[in-house]
Structure formats: structure tokens, C-alpha cells
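Visitor: show me the folded form of this:
(chains A and B)
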Amino acid sequence: MSETIRQVLASESPRPSITVCGWVRTRRDSKACSFLELTDGSCFKGLQVVVDASLPCSNLMPSILTGASVQVEGDLIPSPAAGQRWELQAKNVELLGEADASYPLQKKGHTPEFLRTIAHLRPRTNLFGSVFRVRSRMAFAVHRFFQERGFFYAHTPIITSSDCEGAGEMFRVTTQKPGSNAKPEDDFFGRPTYLTVSGQLQGEAFACALGNIYTFGPTFRAENSNTARHAAEFWMIEPEMAFYDLFADMTLAEENVRYLVQAMMTECPDELEFFNKFVDKELVARLQQTLDKPFERISYTEAVDLLLKSGRSFEHPVVWGEGLQTEHERYIAEEHVKGPVTIYNYPKVIKPFYMRQNDDGRTVAAMDLLVPGIGEIIGGSQREERLDLLQAAMKAQDLDEETYRWYVDLRRYGSVPHAGYGMGFERLLMFVTGVSNIRDVIPFARTPGHAPY
RNA sequence: UCCUGAGUAGCUCAGCGGUAGAGCGGGUGGCUGUUAACCACUAGGUCGUAGGUUCGAACCCUACCUCAGGAGCCA
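Guide: Just a heads-up that it's a prediction; the model follows:
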């Protein structure tokens, strides 16, 4: 049975006769021996394998090029040379799978853009191996955060007939043939159905039964968005809490981000060091500051004021009642606050019907958590729990109450104050790794005109 | 979808009207307990696609395709 390189490198003492499998990162030949740098994805570091030229298997060396897969049997000994603590003195090397000179991954000089074109091979690189190990760790940390706080994991549907208003264009789900004129009533579900853009509405039903719940699953948006921060398929974390108001919601969101940053720093030190060195030299400082300093909170109205008083000329004018533009959000997070900031109480005219109306009559209890470099990483709100006000908001936004009957029922029977938010998992990963394009934190990214794998 | 920029060797790029170049990667030889090893030689290109201008186009013009950055939409 072979061991992972992660296990081997953690050894406290030399160990005879172990077996390791992996891919050759590079081979260097010397007079008396060859050096293989072996990685198996189990950790950031590779294992140096030394193959003595006198071994029968050394005649394999010329065919062991970068990318080849091998199984090595040998003794783990302290490395006599600088650069690594342990090395594997090979007794036998078996070539499992050759990689010829056309193997696209070389020892240096690859751009993320090129690696995107070989998404099936890029996890073998330092950068993407690190990203996807971190992705796994962070996903587990998300569950831990909520489970430690007594939240229940709710599986809201992927196929849905309800449009979570304001969340964006939806992908249609149908079994009808292309070009068919069949009515929705004749389709598989007897009504138009879509891939979910949010589990929030169903999440509210579960929060109003189990108390605190969260969802964590794939989400789909058919927007023709071509930016470094948008994907057509992404993973979203959506907690929903009964008896929470907006401020409790914001506090949980802040703790959530901080917990995950802490997890990144304590659980992925090798990857963090690599990202800080090669991807974003400010990363560690920025993450540390996220832990050290409390997040600021600024109301939308205060935000508009400080933008107007900033003396900065923005491309888009700052007007109360209109959405904050990216340049405005960036100014607030990156220059004014210089750290994570939550903006809350937005004008109701720019927000969806389910957000709770404030007493001023013109704002709703909504919040966005912005982080430097990424922008919005969390968007949430306290939900409108008052039946009459919810119905009025639906009417004002021209929504058919019949479609949302079950949702309105939650206000009809034992309605309670409740709140929740959505956190973009990939945006979180961008924040904790410093990787600047969402396509590089998803294994096989889906964006407009692009789903080749 | 809009704006801007870029597509030249397997990869990263130089060349910007007059014989297609370098580094890395590959091959051969040398040297060496090496560390993105090193030295020498060598193979490798419809210069994104299609038109056009010109005696002559990788280079100038037009359209299209692809990618990137910014914007909108949002997580």
C-alpha cells in the first residue's frame, strides 16, 4: 500500500521500504544519480526521489519526463543536501504512465489564462493544486462554522419554479424538444421550471420550522456577465435565521467571514505562503487585518454622504436612491475603510420585494458586506414578516401573489422576524487566496459561451 | 451586452512595410548531490480566420473568432 507524500513528509524518523506514487514535476540528472521531484496532490510540497545510476530501473530515466506517473519503492532518509528535510532513496521505480514532450505543463512560465485552456491538467500545478486543496478545506470549514452554532443543513431544490426576484436571469429546465411549441402544462413538471438562482425562499420555510438553517450548493445564473467575479454556475452559502433582525444578521455574516479567514490561516499555511509570494503580496497582511480589526458598518445614507464629501470625481454620479456603483464600493472598502465593511439600509426602490421595510418608509433592512479587491462577498436582509406589507410590496413590484402563495403563507401562519444572507463561495475563495479571477477558483468554470469540459 | 487591448514555435514573448527571432520545454553531446540545475549543438512556425491595400504584409485597412482588463447585472 502506498502512502501519500503528505504522510511521508510528516515523518519524524527515517523509514525503510516505503512506497509512494505520484507525478513527476521535474527530473534532473547527475553523474551518479537522477533526481525526481514527485508530487501527488496530497500537499503543497513535493518529495525528492533519488535514483542511483547503478539501479536496473535507472534505464527508465530517459522516458520519465515531466508529467509522467510513477510508483517508487525505497528508503526515506534525511536529505544530505539543502532544500528538503527528507528524500526517498529509490530501490525500484516503476513507470505507470508516460508523458511525452507534448505534455503542456512545463516547469515554469504558465499564465492562468493558458492553464484555463487545459482545465483537466491544471490541478497538477502548484497554483491550482493549492487553490483546490483550499477550496476543499474552506467548504468543510463552512459546514463546521454553522454546525458548531447549531444550524441545520437544508437541501433546497436545484430545480425550481419560483424566481427569487432580483437574483437574475434563469436557465430553463425542460424535457421538450428544441423548437417544440408544447405548452408549459405539457412539460415534465406541468409548469415552467428553472435551475435555482437562490435557495432563499425555500430556506425561509425551513428557518420558520427548524430555527437556524443554511444551504450550501450550486446556484445558476443565466446572466450574460463577462467579468472576473461572475460565473454561470457557482456555489452559494445561504443561512436563514428565525428571530434574527438585520443587526444579528450582519454580526453572523462578519463572524462567518472571520471564521473562514482564520481557517485559511491555520489550516492551509503552505498554500497561504505560496499565494502570498506569487499571487498577491498583500494577502497575509490583508487577512490578518481582517482578524484584528472589527468590521465597519455604514448605512447606505452615510455611504452616499461620505462619497459626496470625498472630493473624488466618480465616473458615475453619487445619487441617493440609486445603487452604489463598483467604483463607489471600491472607494469605500479600499480607500475609506481600508478593510471589510458592511453597508446597510438601502433604498427600497432598488431592492427586491421580500426585504423588510424600515420605519422611515423609504429604506429596507438590507445589507452588503464588501471586502477590498473583490467587492460584494455577502448580500442579505431581514425579510418582511408582516403579511400586509409583503403583499403591498409584491403588488408594487407587479408580482402575481398566486405564484408565491406558499411563501406568503409563511406570514399567514405563525410569522416571525427572520433574516439571512447569501455568500458567494468562490468570492470567498478569491478573498482568501488572492486569486483575482473567479474562473480560477472553480474546477471547471461555466461562463457565457464556455462549457467545454 | 458595451468600451479598451491582445492573438507570432509546445509555453512566455521580441519583431510593427523588405530573408521568421530569443528564452524555456524537446533531441544530441558534455559537466554536475541536483533544487525553475548548467554549457554547446540541433529540430521546431499557413505569424487567430477570411477578405482588402501594396512591387512586397506578421506589420496597414475591414469583418469575424478567441482571450484578457474595465463597465452593467449580482454572490
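
Visitor: who in the stretch 51-200 of chain A is up against RNA strand B?
Guide: Residues of the stretch 51-200 of chain A lying near RNA strand B by Cβ under 7 Å from any atom of the strand: A:62, A:65-66, A:79-84, A:87, A:89, A:101-102, A:104, A:106-111, A:113-114, A:116, A:166-168, A:198. Yep, even glycine has a C-beta here, placed from its N, CA and C like the rest.

Visitor: how about the strand ranked longest in chain A and RNA strand B, any contact?
Guide: With DSSP state E setting the assignment, residue counts place strand A:15-29 as the longest strand in chain A. Yes: on the criterion Cβ under 7 Å from any atom of the strand, strand A:15-29 is in touch with RNA strand B at A:26, A:28-29.

Visitor: what helices or strands is that strand leaning on?
Guide: Contact here means 3 or more Cβ pairs under 8 Å, 6 or more residues apart in numbering; DSSP states H and E; on that basis strand A:15-29 packs against helix A:5-9, strand A:33-39, strand A:47-52, strand A:69-78, strand A:86-97.

Visitor: dump those to TSV, plus mean pLDDT, distance to residue A:277 and mean neighbour count.
Guide: Below are the helices and strands packed on strand A:15-29 laid out as TSV (pLDDT from 0 to 100; distance: least, Cβ to Cβ, whole Å; neighbours: other Cβ atoms under 10 Å):
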stretch	mean pLDDT	distance to residue A:277	mean neighbour count
helix A:5-9	96	19	18
strand A:33-39	93	18	20
strand A:47-52	94	20	21
strand A:69-78	96	26	18
strand A:86-97	94	22	17
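
Visitor: export stretch A:226-237 as PDB, just CAs?
Guide: Only the C-alpha atoms of stretch A:226-237 are listed here, as PDB (Å, rounded to 0.1, in the frame of the first residue of the first chain):
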ATOM      1  CA  ASN A 226     -18.300  38.600 -18.500                       C
ATOM      2  CA  THR A 227     -16.300  39.700 -15.500                       C
ATOM      3  CA  ALA A 228     -13.700  38.200 -13.200                       C
ATOM      4  CA  ARG A 229     -16.300  37.900 -10.500                       C
ATOM      5  CA  HIS A 230     -19.200  36.200 -12.200                       C
ATOM      6  CA  ALA A 231     -19.900  32.700 -13.300                       C
ATOM      7  CA  ALA A 232     -23.000  31.000 -14.700                       C
ATOM      8  CA  GLU A 233     -22.600  28.100 -12.100                       C
ATOM      9  CA  PHE A 234     -21.300  28.900  -8.700                       C
ATOM     10  CA  TRP A 235     -21.700  27.700  -5.100                       C
ATOM     11  CA  MET A 236     -23.500  29.800  -2.600                       C
ATOM     12  CA  ILE A 237     -23.900  29.600   1.200                       C
END
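
Visitor: from the middle of its chain, how far away would it be?
Guide: Averaged C-alpha coordinates place stretch A:226-237 at 9 Å from its chain's average position (Cα atoms, centre = their mean, to the nearest Å).

Visitor: other residues contacting that stretch?
Guide: Outside stretch A:226-237, the residues that touch it by Cβ atoms under 8 Å, 6 or more residues apart in numbering are A:139, A:142, A:171, A:198-199, A:214-223, A:225, A:256, A:374-375, A:422-427, A:430, A:436-439, A:442, A:445-448, A:451.

Visitor: mind giving me the ChimeraX select for the residues you listed, buried ones only?
Guide: Here is the ChimeraX selection string for the buried members of the contacts of stretch A:226-237, based on 16 or more other Cβ atoms under 10 Å:
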select /A:139,142,198,199,214,215,216,217,219,220,221,256,374,375,422,423,424,425,426,427,430,437,438,439,442,445,446,447
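
Visitor: so the longest strand of chain A versus strand A:47-52, what angle?
Guide: Counting by axes from the mean of the first three to the mean of the last three Cα atoms, to 10 degrees, strand A:15-29 lies at 80 degrees to strand A:47-52.

Visitor: tell me the buried residues in strand A:15-29?
Guide: Quick answer for strand A:15-29 (16+ other Cβ under 10 Å): A:18-27.

Visitor: how about JSON lines for those residues, with pLDDT added?
Guide: JSON lines is the format used below for those (pLDDT from 0 to 100):
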{"residue": "A:18", "pLDDT": "96"}
{"residue": "A:19", "pLDDT": "97"}
{"residue": "A:20", "pLDDT": "96"}
{"residue": "A:21", "pLDDT": "96"}
{"residue": "A:22", "pLDDT": "95"}
{"residue": "A:23", "pLDDT": "95"}
{"residue": "A:24", "pLDDT": "93"}
{"residue": "A:25", "pLDDT": "91"}
{"residue": "A:26", "pLDDT": "91"}
{"residue": "A:27", "pLDDT": "91"}
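
Visitor: including distance to residue A:48, could those residues go into a markdown table?
Guide: Below are the buried residues of strand A:15-29 laid out as a markdown table (distance: Cβ to Cβ, whole Å):
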| residue | distance to residue A:48 |
| --- | --- |
| A:18 | 14 |
| A:19 | 16 |
| A:20 | 11 |
| A:21 | 15 |
| A:22 | 12 |
| A:23 | 14 |
| A:24 | 11 |
| A:25 | 10 |
| A:26 | 10 |
| A:27 | 11 |
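
Visitor: which of the residues you listed sits closest to residue A:401?
Guide: Nearest to residue A:401 among the buried residues of strand A:15-29: residue A:23, at 58.3 Å, using Cβ to Cβ.

Visitor: the closest one reaches residue A:72, doesn't it?
Guide: No: with contact defined as Cβ atoms under 8 Å, residue A:23 and residue A:72 do not form a contacting pair (11.7 Å).

Visitor: ok, is stretch A:320-332 in contact with RNA strand B or not?
Guide: Yes: judged by Cβ under 7 Å from any atom of the strand, stretch A:320-332 and RNA strand B are in contact via A:323, A:325-327, A:330.

Visitor: which residues of the stretch 301-450 of chain A lie near RNA strand B?
Guide: The stretch 301-450 of chain A has residues A:316, A:323, A:325-327, A:330, A:368, A:375-379, A:422-424, A:426-427, A:436-439, A:448-450 near RNA strand B, with proximity defined as Cβ under 7 Å from any atom of the strand.

Visitor: so which of these are in strands?
Guide: Using DSSP E, the members of those that fall within strands are A:368, A:375-379, A:422-424.

Visitor: follow-up on the earlier one: what touches both of residue A:23 and residue A:72?
Guide: Common contacts of residue A:23 and residue A:72 (Cβ under 8 Å, 6+ apart): residue A:38.

Visitor: report the closest residue of the stretch 301-450 of chain A relative to RNA strand B.
Guide: residue A:424 (2.7 Å; Cβ to the nearest atom of the strand).

Visitor: got a pLDDT number for that residue?
Guide: Residue A:424 carries a pLDDT value of 96.

Visitor: list the contacts for it?
Guide: If you count contacts by Cβ under 8 Å, 6+ apart, residue A:424 has them with A:234-236, A:376-378.

Visitor: pick out the most distant pair among those.
Guide: Farthest apart among those - using Cβ to Cβ - are A:235 and A:376, which lie 15.8 Å from each other.
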